[in-house]
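**Q** Dropping a prediction and its sequence here:
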2 protein chains.
Amino acid sequence: MELAAAKLKFIEAWGKLGSEWGINRTMAQVHALLLISPEALTTEEIMEQLSISRGNANMTLRDLIGWGLIEKQHKAGERKEYFFADKDVWNIARQVAKERKKRELEPVLKVLNELSTVVGDEKDPDYKTFKKSVSDINKLAINVDKTLETMLKAEENWFWGSILKVFK
Amino acid sequence: MELAAAKLKFIEAWGKLGSEWGINRTMAQVHALLLISPEALTTEEIMEQLSISRGNANMTLRDLIGWGLIEKQHKAGERKEYFFADKDVWNIARQVAKERKKRELEPVLKVLNELSTVVGDEKDPDYKTFKKSVSDINKLAINVDKTLETMLKAEENWFWGSILKVFK
DNA sequence: ATAAACTTTCAATAATTTTTGAAAGTTTAA
DNA sequence: TTAAACTTTCAAAAATTATTGAAAGTTTAT
């Protein structure tokens, strides 16, 4: 396969994966483009390579910075802003895990906690089923939260060394 | 909190979580409703409780069956179909992991494999960066795949026992 | 064979999400 | 201060995704 074709395919695949995971397709594509780019790129270059508008590029780049996946770079003597992606996949995975934990898992834990204060009749099957489901989900969510917490602190080698030992 | 209010809140929270993870909101809500329902419900009851149309309910129930999250039940002497959810959260987590692995991770692994056949000039920074990123992502994806594979085979107690030992 | 009971389909519509692009805003250099 | 270079905003438009509901299809009992 040719490099040019491979690049397009990679950008497309990354975009598709993103959209399946609740991440805007364009955002994932911009990330893909920066991941395979040896140099930092300008908004202009990104707009052109992905055929997207200035407004879209600007918002997407801002979001990616918010996710901690890319950074701005300034080149001496130039006004333009350049953007580049952290290429370390372990950092990327941790960053995504960190953000999703904060944005999604933590709010859910909060709601589950509130829901466990529900009052009712212990003889009521509705009440019993509700309590049991909420409590079980709560336990799982707490475990997932702890696991992520530890993962976020871990070094890559430590992580894969330990995890692969457990998962034979 | 009252049971009725808590139920609504749970259905809403589950729906929101679903949509953040690329799962249709209604599908997650129907799942939530069945999770907290001690009895299997008919299409009619689901339509009414969630204020959705017959068509929507039918398609959503079909999808949930496809995900292995709910099942049909037939009651003796009745023509109606009843639906109920597996209430075991460990089964639910495994089922979701299994389906997403099949639907998303495996296609990505396939693409990454194709992309590693790219040919080019070892002196070209574009080529080198591309190869490195694809290869690193490929390695991570393979590890994730293996980890999920093991998790799918695991028993709940085994899993939490081992994982929590690693993650102190 | 018929009809009642129930399920499925799908074209049309609605709702939501994403994108555009021009105008407004900001920074820098002279 | 002015103007050029560059970035940000946001209302409108486009694209995508989800939902409706009536008609078609299926199954069962008689």
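**A** Nice, I can see it. The shown structure was predicted, so the numbers you read here are calculated from the model rather than taken from an experiment. Residues are numbered from 1 along each chain as shown, chains lettered A, B, ... in the order given.
**Q** Nearest the middle, which residue of chain A would you pick?
**A** By Cα atoms, centre = their mean, chain A has its centre lying nearest to residue A:96, at 2.9 Å.
**Q** Excluding chain neighbours, what is closest to that residue?
**A** residue A:67 (7.2 Å; Cβ to Cβ, 6 or more residues apart in numbering or on different chains). Backbone N, C-alpha and C define where each C-beta goes, glycine included.
**Q** List the residues that contact that neighbour.
**A** With contacts taken as Cβ atoms under 8 Å, 6 or more residues apart in numbering or on different chains, residue A:67 has the following neighbours: A:95, A:96, A:99.
**Q** Filter the residues you listed down to the ones in helices?
**A** Among the contacts of residue A:67, the residues falling in helices (DSSP state H) are A:95, A:96, A:99.
**Q** Helices along chain A, start to end?
**A** Taking DSSP H as the criterion, chain A carries its helices at A:3-20, A:25-35, A:43-50, A:54-66, A:89-100, A:106-115, A:125-153, A:156-166.
**Q** what sits against the closest residue to residue A:17 other than its chain neighbours?
**A** Using Cβ to Cβ, 6+ apart and skipping the chain neighbours, the partner closest in space to residue A:17 is residue B:108 (5.7 Å). When contacts are counted by Cβ under 8 Å, 6+ apart, residue B:108 touches A:13, A:17, B:141.
**Q** For chain A, list the residues in contact with DNA strand D, please.
**A** Those residues of chain A that sit near DNA strand D, judged by Cβ under 7 Å from any atom of the strand, are A:19, A:42-44, A:54-55, A:58-59, A:61-62, A:78-81.
**Q** Can you tell me which of those comes closest to residue B:91?
**A** Set against residue B:91, the nearest of these by Cβ to Cβ is residue A:19 (27.3 Å).
**Q** Count the neighbours of the residue nearest to residue A:116 when sequence neighbours are not counted for me.
**A** Among residues not flanking residue A:116 along the chain, residue A:134 sits closest, at 5.8 Å (Cβ to Cβ, 6+ apart). By the measure other Cβ atoms under 10 Å in any protein chain shown, the count of residues near residue A:134 is 22.
**Q** ok, residue A:134 - contacts?
**A** For residue A:134, the contacting residues are A:112, A:115, A:116, A:118, B:6, B:10, B:36, by Cβ under 8 Å, 6+ apart.
**Q** In chain A, which residue sits furthest out from the middle?
**A** With distances taken from the mean C-alpha point of chain A and given as Cα atoms, centre = their mean, the most distant residue is residue A:123, at 43.2 Å.
**Q** Most neighbours among the contacts of residue B:108, please name it.
**A** Within the contacts of residue B:108, residue A:13 tops the neighbour count with 21 neighbours, counted by other Cβ under 10 Å.
**Q** how about that one, what does it touch?
**A** Neighbours of residue A:13 in contact, by Cβ under 8 Å, 6+ apart: A:32, B:108, B:111, B:112, B:115.
**Q** Between these, which sits nearest DNA strand C?
**A** Nearest to DNA strand C out of the contacts of residue A:13 is residue A:32 (Cβ to the nearest atom of the strand; 13.3 Å).
**Q** pLDDT score assigned to the closest one?
**A** Reported pLDDT at residue A:32 in the predicted model: 98.
**Q** Quick one: residues contacting the closest residue to it other than its chain neighbours.
**A** Residue nearest to residue A:32 in three dimensions, not counting chain neighbours: residue A:14, with 3.6 Å by Cβ to Cβ, 6+ apart. Shown here is residue A:14, whose contacts under the criterion Cβ under 8 Å, 6+ apart are A:28, A:29, A:31, A:32, A:35.
**Q** How many neighbouring residues does the second one have?
**A** Other residues near residue A:29 come to 24 when the count uses other Cβ under 10 Å.
**Q** try the last one
**A** When neighbours are defined as other Cβ under 10 Å, residue A:35 has 25 of them.
**Q** Surely it touches residue A:88?
**A** No: with contact defined as Cβ atoms under 8 Å, residue A:35 does not count as touching residue A:88 (10.4 Å).
**Q** Mean pLDDT per helix and strand in chain A: which one sits at the bottom?
**A** helix A:156-166 (a mean of 65; mean pLDDT, DSSP states H and E).
**Q** Nearest to residue B:151 among the contacts of residue A:67?
**A** Proximity to residue B:151 was ranked across the contacts of residue A:67 by Cβ to Cβ; first place goes to residue A:96, at 19.1 Å.
**Q** Model confidence for that closest one, exactly?
**A** As predicted, residue A:96 sits at a pLDDT of 95.
**Q** same check, this time on the one 3 residues further on
**A** At residue A:99 the predicted local distance difference test score is 94.
**Q** Leaving aside the residues adjacent along the chain, what's closest to it?
**A** Residue A:99 sits nearest to residue A:67 (Cβ to Cβ, 6+ apart), 5.4 Å away.
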